[in-house]
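**Student:** Predicted model and sequence follow; I will ask about them next.
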Amino acid sequence: MITIDLAPRSANHSLSTYGLSRFLNRARLAVGLCGQVDVLLTGDATLRQLNRTFRAKNKPTDVLSFPAPSEFAKKHAGDLAISLETAARQATTYGHPLRDEIKVLILHGLLHLSGEDHETDNGEMATREATLRRELRLPTTLIERTAFASAKKSSSRLSSQPTNKARIISKQRSAKTKRGSK
């Protein structure tokens, strides 16, 4: 079941709970979760509070996963909480509709509910998420975007530093200028 908390003032959307619920069920089956999943679409303030309470991180995030205890998992796999505000910013950044961003976040959260954890595995969740993303016809996944952003940041740091060859040429020019001015 999808619940949209319209309290966030900045949540200007035209989301279909029916369409998102259909996607949730398709993705849940693709991930291999038997039990139902409830999704709360809310704002940054709620995600910050949940993140602080359950993960000791005092900041909003895009998606949080709350797996059900194993004795309930066949009937209820767990719950997801998604920030509409963060999802809207990310959708704008990556150039796709809010609806698609929420689907990306639902898939990511479902993988966490199934026991996957990209923070501790050796890329297994990223590989599975990429495969399911293609199967479910979604834009790039969270892990892919994070990996790309990290690689881009590293390459921009490297390209902003002069290479050895550039430093040598610069030193040679300096030496010539000094000799010519004597």
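**Tutor:** Cool, got the structure.

**Student:** and residue 122, helix, strand or coil?
**Tutor:** For residue 122, the secondary structure call by DSSP: H, G, I helix; E, B strand; the rest coil comes out as coil.

**Student:** Identify the residues contacting the closest residue to residue 132 other than its chain neighbours.
**Tutor:** Computed as Cβ to Cβ, 6 or more residues apart in numbering, the closest residue to residue 132 that is not its neighbour in sequence is residue 30, at 5.5 Å. Every C-beta, even on glycine, is put in place using the N, C-alpha and C of the backbone. Going by Cβ atoms under 8 Å, 6 or more residues apart in numbering, residue 30 touches 132, 135, 136.

**Student:** need the strands for this protein, in chain order.
**Tutor:** Secondary structure of the chain (DSSP state E): strands located at 2-4, 36-42, 63-67, 76-83.

**Student:** Tabulate these in a markdown table, adding columns for mean neighbour count, distance to residue 98 and mean pLDDT.
**Tutor:** Shown next, in a markdown table, are the strands of the chain (neighbours: other Cβ atoms under 10 Å; distance: least, Cβ to Cβ, whole Å; pLDDT from 0 to 100):
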| stretch | mean neighbour count | distance to residue 98 | mean pLDDT |
| --- | --- | --- | --- |
| strand 2-4 | 17 | 12 | 69 |
| strand 36-42 | 21 | 10 | 92 |
| strand 63-67 | 20 | 14 | 93 |
| strand 76-83 | 23 | 11 | 93 |
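
**Student:** and these as JSON lines, adding distance to residue 97?
**Tutor:** Shown next, in JSON lines, are the strands of the chain (distance: least, Cβ to Cβ, whole Å):
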{"stretch": "strand 2-4", "distance to residue 97": "16"}
{"stretch": "strand 36-42", "distance to residue 97": "14"}
{"stretch": "strand 63-67", "distance to residue 97": "17"}
{"stretch": "strand 76-83", "distance to residue 97": "15"}
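
**Student:** which intervals of the chain have sub-threshold pLDDT?
**Tutor:** 3-4, 6-13, 140-182 (pLDDT under 70).
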